[in-house]
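Novice: Quick one: sequence plus predicted model below, questions after.
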Amino acid sequence: MASTVRLLGSEANLSSATNMGFAKLVRVLNNKASVQVITQKNAGGTTLATVTLAAGEVAYIEKAPSDTLTGAATSLAVSVAFTN
């Protein structure tokens, strides 16, 4: 993984399904004291994957631009890119 992250948008919560501005790579933070499940769906609404994040955990999720992510109001996400 590269050492530098470039921000490509503004952070938003995942309380409703969003493609994060057609992002291909998204940084997700569980900003809560308990676990949260993040769900990735395709444009048709079919669930492709889920991941459980521990309290305070950060994950980088690669997805198709039209795929959406859903979590909770305390799941914070931003479109990013890695740079060298």
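Specialist: Yep, it's here.
Novice: doesn't residue 12 make contact with residue 76?
Specialist: Yes - Residue 76 lies in contact with residue 12 (CB atoms under 8 Å); the separation is 7.3 Å. For glycine as for every other residue, the C-beta is placed from the backbone atoms N, C-alpha and C.
Novice: the more surrounded of the two?
Specialist: residue 76 (18 against 15; other CB atoms under 10 Å).
Novice: Can you give me the buried ones in the strand or helix carrying the more buried one?
Specialist: Using DSSP states H and E, residue 76 falls within strand 75-83. Under the neighbour-count criterion of 16 or more other CB atoms under 10 Å, strand 75-83 has 75-80 buried.
Novice: ditto for stretch 58-72
Specialist: Buried residues in stretch 58-72 (16+ other CB under 10 Å): 61, 63, 67-72.
Novice: Stretch 15-30 now?
Specialist: 18-20, 23, 25-30.
Novice: What is the nearest of those residues to residue 37?
Specialist: Lowest distance from residue 37 to the buried residues of stretch 15-30 (CB to CB) belongs to residue 30, with 9.6 Å.
Novice: So that closest one sits against residue 51, correct?
Specialist: No - the criterion here is CB under 8 Å, and residue 30 misses it with residue 51 at 10.1 Å.
Novice: Including distance to residue 46 and secondary structure, could the buried residues of stretch 58-72 go into a markdown table?
Specialist: Listed next are these as a markdown table, based on distance: CB to CB, whole Å; DSSP: H, G, I helix; E, B strand; the rest coil:
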| residue | distance to residue 46 | secondary structure |
| --- | --- | --- |
| 61 | 17 | strand |
| 63 | 13 | coil |
| 67 | 10 | coil |
| 68 | 11 | strand |
| 69 | 14 | strand |
| 70 | 13 | strand |
| 71 | 18 | coil |
| 72 | 21 | coil |
